[in-house]
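Novice: the sequence and its predicted three-dimensional model are supplied below.
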Amino acid sequence: MRIAYSTGYWSAGPPKDALKAIRTAERLGYESVWTSEAYGSDAFTPLAWWGSRTSTIKLGTAIAQLSARPPAAAAMAAITLDHLSGGRFILGLGASGPQVVEGWYGQPYPKPLARTREYIGIVRDVLAREHPVTSAGPHYPLPYTGPDATNLGKPLKSTVHPLRANLPIYLAAEGPKNVALAGEIADGWIPFLLSRNALDEARTNLEAGFAVRAAERSPREDFEVILPMPVVPHPDVEAAADMVRPMLALYIGGMGAKGANFHRDVIDRLGYSAESDVIQELYLAGKKREAIAAVPTKLVEELALVGPPEKIRDELAVWEESVVTTFLVQGPSFALRTIRDVVQGGSISRAKLAALALAYKR
């Protein structure tokens, strides 16, 4: 199982010691590092800044939101970062949700699958640089021909030659149709809240996309699945689960509008609708501490690797036999060696585990 590192979302400012953690991850053999964006920091700038201090680790966006920039702008950023990094960039894209798309970017959210297909098609045309780029729309028409158009626009081709015309594009997706779309048009899938009890369904959804995958796409055997996976080695399972509960409570209870929370929909499909009702009600009422406490340990264990190293290693077997190719983990720099050793079978002494538990507690 390969392992990658996520810098996570920024809060009031950059993640503390992010560069130290990234360089530690590179030294320890982590395959890639990934940045995120919501409605604060963007995903591309940190990769350029931190990536300039690295030399081998791959650089990916998990995820760049479609509505944050037109497809041509996303392609420009990808071409630029790929050149600057010497061919280490991976473009991870996702549709986000209606609260952010309409509330932050001021764009319509409907038809996310159709928008995604059209968006990635334009990005690939820019990267191919075979002809001036055009698109019939309806979501991203090129040239623009709306009622307020000057009618002076003309098809253009990138002035910069892409370093790689086949620069990899990964698609973030949670719903069955979105996952199938990733299998059809992308080079990789970035799932979220993927349960170890839903791995057969994930494979089925991907296979539906692979069945209609165009011949010119990268071979399906090269398709990557990079899974954001909390990994918390700790002598006590409940203490480890406590470190994951806040994230799950946020996504179940506080992300998206009530009745239109796609993250919660994933949890509901796992059979936790009643628990989700409680978490969401508490979270939206401002009772975040109670909402966090209401996240069941059983759910945490479906979605994360928590507890003593031997427990984590026993649970790894089901993941190693799944569609997942890489775990995307997050943690402080001091924990990255232990996380790597746990996931990849290195030795973990009791003293090291105790020291890590103490550091997490602080």
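Specialist: Thanks, I have it. In this text, all values refer to a predicted model and were calculated from it rather than measured experimentally.

Novice: tell me the gap between the longest helix seen in the chain and the middle of its chain.
Specialist: Identified as the longest helix of the chain according to DSSP state H is helix 112-128. How far helix 112-128 lies from its chain's middle: 18 Å, per C-alpha atoms, centre = their mean, to the nearest Å.

Novice: contacts for it?
Specialist: 66, 71-72, 74-76, 78-79, 91, 93, 95, 131, 133, 135, 137, 139-140, 142, 158, 162, 164-167, 169, 171, 177-178, 181, 185-186 (C-beta atoms under 8 Å, 6 or more residues apart in numbering). All C-beta spots, glycine's among them, are computed from the backbone N, C-alpha and C.

Novice: quick check: mean pLDDT of stretch 82-93?
Specialist: The average of the pLDDT scores along stretch 82-93 is 98.

Novice: now do the end-to-end distance for it.
Specialist: Here the two ends of stretch 82-93 are set 16 Å apart, with distance taken as C-alpha to C-alpha, to the nearest Å.

Novice: buried set for that stretch?
Specialist: Asp82, Ser85, Arg88, Phe89, Ile90, Leu91, Gly92, Leu93 (16 or more other C-beta atoms under 10 Å).

Novice: check stretch 74-83 too.
Specialist: Buried-residue list, stretch 74-83, by 16+ other C-beta under 10 Å: Ala74, Ala75, Met76, Ala77, Ala78, Ile79, Thr80, Leu81, Asp82.

Novice: any idea how many residues pack against the nearest residue to the fourth one once chain neighbours are set aside?
Specialist: Spelled out, that is Ala77. Take Ala77 and drop its neighbours on the chain: the residue closest to it by C-beta to C-beta, 6 or more residues apart in numbering is Phe44, 4.8 Å away. Per other C-beta atoms under 10 Å, the neighbour tally for Phe44 reads 24.

Novice: over to Met255?
Specialist: 17.

Novice: in which helix or strand does Leu59 reside?
Specialist: Element membership for Leu59 (DSSP states H and E) is strand 58-61.

Novice: would you turn the buried residues of stretch 74-83 into TSV with distance to Gly254 and secondary structure?
Specialist: Putting the buried residues of stretch 74-83 into TSV (distance: C-beta to C-beta, whole Å; DSSP: H, G, I helix; E, B strand; the rest coil) gives the following:
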residue	distance to Gly254	secondary structure
Ala74	28	helix
Ala75	33	helix
Met76	33	helix
Ala77	29	helix
Ala78	31	helix
Ile79	36	helix
Thr80	34	helix
Leu81	31	helix
Asp82	35	helix
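
Novice: where in the chain is pLDDT low?
Specialist: Applying pLDDT under 70 to the chain flags the ranges 256-257, 362.

Novice: let me see the contact set for the residue nearest the centre of the chain.
Specialist: Centroid check for the chain by C-alpha atoms, centre = their mean gives Ala62 as the closest residue, at 3.7 Å. Residues counted as contacts of Ala62 (C-beta under 8 Å, 6+ apart) are Ser6, Trp34, Thr35, Ser36, Ala43, Gly92, Tyr170, Ala172, Ile190, Ile226, Pro228, Leu328.

Novice: grab the nearest non-local neighbour of it.
Specialist: Per C-beta to C-beta, 6+ apart, closest to Ala62 is Trp34, 3.9 Å.

Novice: ok, residues contacting the helix or strand harbouring the one you found?
Specialist: Here Trp34, judged by DSSP H and E, is contained in strand 32-35. Contacts of strand 32-35 with the rest of the structure, by C-beta under 8 Å, 6+ apart, involve 4-7, 22, 25-26, 43-44, 46-47, 50-51, 54, 57-62, 90, 92, 226, 326, 328.

Novice: tell me where the chain has strands.
Specialist: Ranges of strands within the chain are 2-6, 32-35, 58-61, 64-65, 89-94, 169-172, 188-190, 224-228, 231-233, 305-307, 326-329, based on DSSP state E.

Novice: and the shortest one, how far from the chain's centre?
Specialist: When you say that, I think you mean strand 64-65. That offset, for strand 64-65, works out to 10 Å (C-alpha atoms, centre = their mean).

Novice: what's the answer for stretch 331-340, then?
Specialist: 19 Å.

Novice: state the distance from the residue nearest to Ala62 to Leu227.
Specialist: 11 Å (C-beta to C-beta, to the nearest Å).

Novice: could you do Ala43 as well?
Specialist: 18 Å.

Novice: who are the contact partners of the residue nearest to Ala77?
Specialist: Counting by C-beta under 8 Å, 6+ apart, Phe44 has contacts Thr35, Thr61, Ala64, Ala77, Leu81.
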